[in-house]
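Engineer: Return atomic coordinates for the entry below.
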Amino acid sequence: MAATAALVNKEFLTAAVAVFKAAPEGSLTTATHDDHEVDKLADDALQVSASFKNSSAQLGKVDSDYPGSHWRGEWDALHVEYDRLLERVKSISRAGAQYIDDFNTNVASKFSPEASNIEADKQLLRTWLENNPDDRGLKVESQEISQGFLSLSDEVISLRDRFSIFAAQKGTEFEGELADKNRDMQNLQRDIEWERSAAAQAQAALDGVVAGLSMVAGFFEALFTFGQSHKLIDEANERIQKHVRAEMDLRRRKDQVAAQARQVAVDESKLHDVHVAFSILAQDVIDISGRLGRFANMWATAHSNIIELRDFLDGNDYIDSPLVFSLKVKVINSTAAVFASEMKEFADALEGLNNPDRVAYVVSPQFGGSDLKRGELFNDARLGLDVRHPIVSVAIASGWVIDGIQVTYRLRNGQTQTVSHGSIRSSGNTLTLNDNEYISEVNGKSGVADNREPWMGDCVQQLSIVVRNSVTGAQRTFGPFGTARGLAESATTRISWSGRLLAFAGRADDSAGQVGFRGISFVEALADFGNPTRSEYVVSAQFGGSDTTRGAPFNDARPDLDVQRPIFSVAITSGWVIDGIQVTYRLKNGQTLTASRGSIRSSGDTITLGDNEYISEVTGKSGFADNREPWMGDCVQQLTFVVRNSVTGAQRTFGPFGTARGLSESATTRISWSGRLVAFAGRADNSAGQVGMRGIAFVQRK
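Structural biologist: I've put the predicted structure just below:
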């Protein structure tokens, strides 16, 4: 028979038996990708389900921000369908394993030795197939599941494309609103300059009056001119005060417009971040759906071997057919054993579908790459990454700016994968990580430079990378890469991220000869490292740090903290405001870990806690101060700490730190927290020379 000619071949069958005998236990021998071991496939499938839930919350916020949109409802419906298909895959896995076990028990194990009685073997097989017609409906079920995943992928793609259009339209609106705010600020700045100039003229006039008085020769002349001069002085002072008051009022109005503009930018950034995360997850859904569809079709592969054996027996006329038949049975026994084992393992692994503690990775805001027409979004986070040691090396091509990056990732199957983004040159700088190292910080600059090359646009101008050893705590710094030529301070967006880097994301044009790297984001697996699960800790509201373009969020809570005595000491750097804090934490293994947030100076104040002490209260102030330094923005202005002894109840108070200079009562947000402090959280810019501590929050156990 033509359909089975390729299989009725001694050499082929002998090789097939060897392949299955050599396959490691639990390996999926029909997989088309290396990471398709069933436990990994099941784990990835569950991670995607958790990501569905995470994106649902994000889309819900979009719906609340834009009344009339219903993105969450549509997404939740797809989530329900995905989980339903996953349950069907679990069911068919168990049923398929049972079918193959029955075949092995009642047919394969009873075949005659070395096919010595082929006619009896034929009848045994025919009888079993007659008693199990239509393969118990498994073939039809596997086809429906595969089609279901294909349809789900199409719906996800459709929703992603519609959301992309929505985000682009809103982005255009944001750009128009930002342009209006920028014009308002320019007009206000012009008025401020005029008031400042007028005040200077009034001051010059006053100086002239005072100088005239000093030149009067005698007492009587001074007495005669005093009344007139005093009046002139009063008038000059009044003019000065008038212009100063006007200037201060204009500055307040400008700060208000600036805050509104920042909020517009924040709103745009939030929508952009959701768009990025949504696009990435859509790709993961498409990927995992295809893989699950193929897994469902494993049943068809296993079943076809049985059917081909029947067809072969019915049409066999070969002289050496007993030998070929014997080899064919060995292939069936080997493949069936693998399939049955993997189907059972997969079904067992999927029992974690409703586990609430599974959390997907998170993506930071993007720095640079605001021109959506240049390059494509990318995210290197893939479900097959080795999350404990994901990055092997990073190669950076740079000159005036960052032209491109090439990252080699370590996969869970022990292999590596190298991906390139932007414009890559062989002469770039390469950072290679050791076994216990991970990327803990990335700092740098993005923006539009005035370098007579306007086509470069908003891109990544400079990067520095900090690598930390997870065992010793030692750090290495690489960079800066990129000179940021012509990038003015006023046009600079500071890149400041810290955590445990899983992968890079952003926007890049891989076809560009140079400056192909447009924007950068950072992906972190918070469920695995760094931040605890929501079931263990609660984080307070954040005070300060409303400008999300400055600094990066942080959370010092870690699963390995000694929660009974987590904080050893706190060092505070302060002046007008809180510039930074440096906290030394105790770990469960008896060692300590020091975390620095913001701008740190060696001359700061240090609070050292005794063995039975903990921080029980933190009070203070945050907000915008009218201190003639508007760039400081919304930050932590003042802090006071109360330390309590858990045995005696005695308390010690430290502070206040920070003078909150120029912070009016109306602009003050009161910081007031009490509990048993486990760790600090908030927002900080670790690369800032001062005022790097942007916002603060407090973590305690539930």
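Engineer: can we go C-alpha only for contacts and neighbour counts from here?
Structural biologist: OK.
Engineer: Pull out the C-alpha coordinates of stretch 645-665 and format them as CSV.
Structural biologist: C-alpha atoms of stretch 645-665 as CSV (Å, rounded to 0.1, in the frame of the first residue of the first chain):
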residue,chain,number,x,y,z
ASN,A,645,11.4,47.8,71.5
SER,A,646,9.1,44.7,71.2
VAL,A,647,10.1,43.5,74.7
THR,A,648,10.0,46.6,76.9
GLY,A,649,7.7,48.8,74.8
ALA,A,650,10.2,51.6,75.0
GLN,A,651,10.3,54.0,72.0
ARG,A,652,13.0,56.1,70.3
THR,A,653,12.4,58.9,67.8
PHE,A,654,14.8,60.0,65.1
GLY,A,655,14.4,63.1,63.0
PRO,A,656,12.9,65.1,61.5
PHE,A,657,15.2,64.7,58.5
GLY,A,658,14.8,67.2,55.7
THR,A,659,13.7,70.8,56.3
ALA,A,660,10.9,70.8,53.7
ARG,A,661,12.1,74.3,52.7
GLY,A,662,9.4,76.3,50.9
LEU,A,663,6.7,73.6,51.3
SER,A,664,3.4,75.4,52.0
GLU,A,665,0.7,73.8,54.0
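Engineer: What pairs with the strand or helix carrying residue 494, parallel or antiparallel?
Structural biologist: Using DSSP states H and E, residue 494 maps to strand 492-498. Looking at strand 492-498 with DSSP bridges, its partner strands are strand 437-447 (antiparallel).
Engineer: buried ones in the partner strand?
Structural biologist: 437-447 (16 or more other Cα atoms under 10 Å).
Engineer: Then stretch 684-691?
Structural biologist: 684-688, 690-691.
Engineer: Quickly name whichever of these is closest to residue 367.
Structural biologist: Using Cα to Cα, residue 685 is the member of the buried residues of stretch 684-691 that lies nearest residue 367, at 13.9 Å.
Engineer: which ones are touching the nearest residue to that closest one once chain neighbours are set aside?
Structural biologist: Spatial nearest neighbour of residue 685, chain neighbours left out: residue 551 (3.9 Å); criterion: Cα to Cα, 6 or more residues apart in numbering. Contacts for residue 551 (Cα atoms under 8 Å, 6 or more residues apart in numbering) come out as 494-497, 683-686, 692, 694.
Engineer: Just give the number of residues close to residue 489.
Structural biologist: 11 (other Cα atoms under 10 Å).
Engineer: The one 4 residues further on too?
Structural biologist: Using other Cα under 10 Å as the criterion, residue 493 is surrounded by 21 other residues.
Engineer: So what pairs up with the nearest residue to it once chain neighbours are set aside in the strands?
Structural biologist: Distances taken as Cα to Cα, 6+ apart place residue 446 nearest to residue 493, at 5.2 Å, with adjacent residues excluded. Going by DSSP bridges, residue 446 is paired in beta bridges with residue 460, residue 493.
Engineer: Surely residue 446 and residue 492 touch.
Structural biologist: Yes: counting by Cα atoms under 8 Å, residue 446 does reach residue 492; the two are 6.0 Å apart.
Engineer: How about the contacts made by the closest residue in space to residue 418 that isn't next to it in sequence?
Structural biologist: In space, and not counting its chain neighbours, residue 418 is closest to residue 408: 4.1 Å by Cα to Cα, 6+ apart. Shown in contact with residue 408 (Cα under 8 Å, 6+ apart): 391-394, 416-419.
Engineer: Check which helix or strand residue 408 maps to.
Structural biologist: Counting by DSSP H and E, residue 408 is part of strand 402-410.
Engineer: Could you point out the helix or strand that follows that strand?
Structural biologist: strand 416-422.
Engineer: Pairing partners for that next one, with directions?
Structural biologist: strand 402-410 (antiparallel).
Engineer: Just the CA coordinates for the strand it pairs with, please, in CSV.
Structural biologist: Output of strand 402-410 as CSV, limited to C-alpha atoms (Å, rounded to 0.1, in the frame of the first residue of the first chain):
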residue,chain,number,x,y,z
ILE,A,402,23.2,53.3,21.4
ASP,A,403,22.9,51.8,17.9
GLY,A,404,22.0,48.3,18.9
ILE,A,405,22.2,45.5,21.5
GLN,A,406,22.8,41.7,21.0
VAL,A,407,21.7,39.5,24.0
THR,A,408,22.5,35.9,24.5
TYR,A,409,19.8,34.2,26.8
ARG,A,410,20.0,30.9,28.6
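Engineer: Average pLDDT for it, rounded please.
Structural biologist: Strand 402-410 carries an average pLDDT of 94.
Engineer: for the nearest residue to residue 584 once chain neighbours are set aside, what are its contacts?
Structural biologist: Take residue 584 and drop its neighbours on the chain: the residue closest to it by Cα to Cα, 6+ apart is residue 594, 4.1 Å away. Going by Cα under 8 Å, 6+ apart, residue 594 touches 582-585.
Engineer: what does residue 664 give?
Structural biologist: 625-626.
Engineer: Tell me how many other residues surround residue 416.
Structural biologist: Using other Cα under 10 Å, residue 416 has 15 neighbouring residues.
Engineer: neighbours of the closest residue to it other than its chain neighbours, just the number please.
Structural biologist: In space, and not counting its chain neighbours, residue 416 is closest to residue 410: 4.5 Å by Cα to Cα, 6+ apart. Residues lying near residue 410 (other Cα under 10 Å) number 21.
Engineer: and the gap between residue 410 and residue 382?
Structural biologist: 11 Å (Cα to Cα, to the nearest Å).
Engineer: Was I right to think the residue nearest to residue 416 contacts residue 419?
Structural biologist: No: counting by Cα under 8 Å, residue 410 stays clear of residue 419, with 11.5 Å between them.
Engineer: so where does the residue nearest to residue 70 when sequence neighbours are not counted fall, helix or strand?
Structural biologist: Excluding its sequence neighbours, the residue lying closest to residue 70 (Cα to Cα, 6+ apart) is residue 63, at 6.0 Å. Assigned by DSSP H and E, residue 63 falls within helix 38-65.
Engineer: before we move on, back to that, which one of the buried residues of stretch 684-691 sits closest to residue 481?
Structural biologist: Of all the buried residues of stretch 684-691, residue 481 sits closest to residue 687, with 15.0 Å by Cα to Cα.
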